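[1] The sequence and its predicted three-dimensional model are supplied below.
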Amino acid sequence: MKKSVGELMTAECNTVSEDMPIYEAVKKVAARTRGKIACVVDKEGKLKGLLTPKDILEALEVRKFGGVRGRFFAGHEVLHFLSSNYAKDIMSAPISVHVNDSVEDAINTMLYQNFYELPVVDKDMKVIGEISYFDILLNSVENQKT
């Protein structure tokens, strides 16, 4: 019998609000030891987008907003950008799996979208956890032992 995402996911997930300043979101993502994506959620906890390391690096280099690519973390423009823009301004499109999806569906989404971890959502698109390739690999290895 195929396992569902809900059987392997962890209830822990890094979430930030749409209106969280970028510098606060960066601090929250950097402090986390498990994964490095953040789920950008609205006031009801519904997934609106993802904040990935790539999104953050592009924003800090001001490439995404038409600026000239310069030294990383240099200049007043970057400091102003970090304090006056919000997670919703740099987030990527929401990519997720449903709690009842098969683990195979999660693997396919990870492979095709180039993610190592994905948010898990319920029927209302509320973030309830995450599943990572480590969760899947660990489960596979444990099943081989028995």
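    Perfect, thanks for sending it. Residues are numbered from 1 along each chain as shown.
[2] Assign Lys27 to helix, strand or coil.
    Per DSSP: H, G, I helix; E, B strand; the rest coil, the local secondary structure of Lys27 is helix.
[3] Can you give me the neighbour number for it?
    Residue crowding around Lys27 was assessed by other Cβ atoms under 10 Å; the count is 11. Placement of C-beta: from N, CA and C, glycine included.
[4] Pro119 now?
    Around Pro119 sit 28 other residues, with neighbours defined as other Cβ under 10 Å.
[5] let's number from 173 now, not from 1
    In the new count, where the first residue is 173, that last one comes out as Pro291.
[6] Report the backbone C-alpha coordinates of the host helix or strand of it in CSV.
    Applying DSSP states H and E as the criterion places Pro291 in strand 289-293. Listed next in CSV are the C-alpha coordinates belonging to strand 289-293 (Å, rounded to 0.1, in the frame of the first residue of the first chain):
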residue,chain,number,x,y,z
GLU,A,289,11.3,20.2,0.9
LEU,A,290,7.7,21.1,0.3
PRO,A,291,4.9,22.6,2.4
VAL,A,292,2.0,20.3,3.1
VAL,A,293,-1.5,21.9,3.0
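[7] That strand: what's the following helix or strand?
    For strand 289-293, the succeeding helix or strand toward the C-terminus, using DSSP H and E, is strand 299-304.
[8] Would you mark the buried spots in that following strand?
    Using 16 or more other Cβ atoms under 10 Å as the burial criterion, the residues of strand 299-304 that qualify are Val299, Ile300, Gly301, Glu302, Ile303, Ser304.
[9] Kindly provide the distance from the fourth one to Asp277.
    To tie it back to what came earlier, the one meant is Glu302. With distances defined as Cβ to Cβ, to the nearest Å, the gap from Glu302 to Asp277 amounts to 15 Å.
[10] got a list of what the spatially most central residue of the chain touches?
    Taking Cα atoms, centre = their mean as the criterion, Ile209 is the residue nearest the geometric centre of the chain, at 2.9 Å. Contacts here follow Cβ atoms under 8 Å, 6 or more residues apart in numbering; on that basis Ile209 touches Asn186, Val201, Leu222, Leu223, Thr224, Pro225, Phe287, Glu289, Pro291.
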